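Peer 1: Predicted model and sequence follow; I will ask about them next.
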Amino acid sequence: MEAYTEDWIETYEYYEEDERIQYKDSTYDIVSRVAYLIGVPRRIFDNPHEPPKPEIYDLLEKDRNARIIRQLCRVRAAIEQNFGKINDRMRHDFKSIYSLPEYVPKDALDRLALDGVDFYRKSSTKLAHHIIELNRIISDRINNCRSIFPVWLNWSYIRDIFIMKDGLTEAGTKAAANTYFSHKECYPYSIFINWTPRNDGNILYNDKKFVTLLYQWHNDYFCDYSKVSDAGSFVKSSIYEFIEDAGKVVMAVDCENSDPYRLGATLKGLDPAVTAKIRKIMLFDDVHTVDAWRILESHTSIPVEHIMTERVKQSKSLVDIELTAMTCREHYRDLVDSFIIVSSDSDYWGLISTLPDAKFLVMMEREKCGPDIKAAMANSGIFYCYIDDFYTGDGEDIKKNALFNTLNRTLDEALRLNVEKMLDDALTATRITMKPAERQQFYDKYIRNMRLVIDAQGNASLELNIK
């Protein structure tokens, strides 16, 4: 059942060298999830030279919704690949799909049965009817897999891959089959998906390539490549070497000139066995802080010290002075010999140049840092890197927690309402008298079940359950 993938792999060998350069440092998370769902064989995941990662396979195997879609797609792909042979056996030998394991994987059928999914209709005598039923179930269930993918990825684009065009009609299934057989070598691992086939090599080569193509297929443009790529091995190795060579190392962060989400993703993308040597992260901030800095501590095992600075003059921040003073204190009093400065502000060159006995590594944002400071660091042999280059997909949890914290605080301030008192005031205003039992029943039926209603303009209001 899996021999066809060997020919497919050989077809695209000539693409590999150019793509290694073009898509250098890409991640493989998205393509592994797509590969699992469309039914790419497990042995491809276990092959270290292939993009899909076995850890993603193992993760999704625990998700019933993902398992169901995978097995449905496997069965559909098997039928598409062997349609003529299966159709002949059904017509001439009165065979069913369940009695043709050489064409339809029995383990896929068994897994569907264990998960409570049945697509086979005994009343259907045409093979196309079984494909239509498979398409219907896939269409009904694919949205259950939405949470498998990150929120920054356009879900409707992913969903389209699984929905056969006009797949609930015989004409639609025939057209899809004709397209598939005419361009079988273009399909990922020769597995059926819904798309307009193009000779783009392995579209599941890595996340950067796949997501770029995915958006192009929908006349859209994807540009946030930090979501689908990571800092290169040279950058990470240089950071690890700096930390390992240090006697004592501290990270000092200028919160006014750094992105908390990118820094969180950077820390998460580094080897925790190495970063454990960092004694602490000092966050220098003032009253104009954001929630993400407050919750960073819960997203790293490194101790965090949040240092808030007061403003003597409202238009002037003292963060840079405080960071400079505290760094000097750490060096002279606590004998810290190595510092990781996180800031794109050139003002810290004065700090770096006045501590010749200390070692520095600078993390900055590419667009915020000018050429002069980079030239000065390069000429002084100080390594610097861009936190923009690190995989930011791992920063989504920090973003969500920051949003939830802010939203909860806003809701708490906006909805300071005691509904018990509200009901008592309403009874008084209307001069209605209720016995305790009657009041409790009214409260449970109408007040306790009030709901938040949001209109098309985003305006929120509370409505009583009056039905």
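Peer 2: Sure thing, it's come through.
Peer 1: Next, count neighbours for residue 320.
Peer 2: Residue 320 is flanked by 19 other residues according to other Cβ atoms under 10 Å. (C-beta placed from N, C-alpha, C; glycine too.)
Peer 1: Repeat that for residue 155.
Peer 2: By other Cβ under 10 Å, 16 other residues sit near residue 155.
Peer 1: Name the next helix or strand downstream of the helix or strand containing residue 398, please.
Peer 2: Using DSSP states H and E, residue 398 maps to helix 396-414. Per DSSP H and E, the first helix or strand lying C-terminal to helix 396-414 is helix 419-430.
Peer 1: How far off centre is stretch 135-147?
Peer 2: Its chain's average C-alpha position is 19 Å from that of stretch 135-147, according to Cα atoms, centre = their mean, to the nearest Å.
Peer 1: Not counting its own residues, what contacts that stretch?
Peer 2: 37, 63, 65-66, 68-69, 72-73, 76, 117, 119, 155, 159, 162-164, 167-168, 173 (Cβ atoms under 8 Å, 6 or more residues apart in numbering).
Peer 1: helix, strand or coil for residue 384?
Peer 2: At residue 384 the chain is in strand, as set by DSSP: H, G, I helix; E, B strand; the rest coil.
Peer 1: Could you export stretch 237-246 as CSV, CA atoms only?
Peer 2: This file holds the C-alpha atoms of stretch 237-246, laid out as CSV (Å, rounded to 0.1, in the frame of the first residue of the first chain):
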residue,chain,number,x,y,z
SER,A,237,25.7,27.8,18.9
SER,A,238,27.2,31.2,19.5
ILE,A,239,24.7,31.9,22.3
TYR,A,240,25.4,28.6,23.9
GLU,A,241,29.2,29.1,23.7
PHE,A,242,28.8,32.5,25.3
ILE,A,243,26.8,31.1,28.2
GLU,A,244,28.9,28.1,28.7
ASP,A,245,32.2,30.1,28.8
ALA,A,246,30.8,32.5,31.4
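Peer 1: List the contacts of it.
Peer 2: Contacts for stretch 237-246 (Cβ under 8 Å, 6+ apart): 249, 270-271, 274-275, 277-278, 337-338, 340, 359, 361, 383, 385.
Peer 1: 6 Å - rerun?
Peer 2: The contact list for stretch 237-246, computed with Cβ atoms under 6 Å, 6 or more residues apart in numbering, reads 249, 274, 277, 338, 361, 383.
Peer 1: and the third one, how far is that from residue 382?
Peer 2: When Cβ to Cβ, to the nearest Å is applied, the distance between residue 277 and residue 382 equals 19 Å.
Peer 1: Restricted to helices, list the contacts of stretch 237-246.
Peer 2: Members of the contacts of stretch 237-246 lying in helices (criterion: DSSP state H): residue 274.
Peer 1: Mind putting the contacts of stretch 237-246 into a markdown table with neighbour count, pLDDT and distance to residue 143?
Peer 2: Shown next, in a markdown table, are the contacts of stretch 237-246 (neighbours: other Cβ atoms under 10 Å; pLDDT from 0 to 100; distance: Cβ to Cβ, whole Å):
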| residue | neighbour count | pLDDT | distance to residue 143 |
| --- | --- | --- | --- |
| 249 | 21 | 96 | 47 |
| 274 | 15 | 94 | 41 |
| 277 | 15 | 95 | 45 |
| 338 | 21 | 95 | 50 |
| 361 | 22 | 94 | 45 |
| 383 | 16 | 91 | 46 |
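Peer 1: biggest separation within the contacts of stretch 237-246, which pair?
Peer 2: The most widely separated members of these are 277 and 383, with 16.6 Å between them, by Cβ to Cβ.
Peer 1: what residue ranges in the stretch 51-200 of the chain score low on pLDDT?
Peer 2: Applying pLDDT under 70 to the stretch 51-200 of the chain flags residues 121-125.
Peer 1: which SS class is the nearest residue to residue 463 once chain neighbours are set aside?
Peer 2: Nearest-residue entry for residue 463: residue 453, 5.0 Å, with adjacent residues in sequence omitted and distances by Cβ to Cβ, 6 or more residues apart in numbering. With three-state DSSP as the basis, residue 453 sits in strand.
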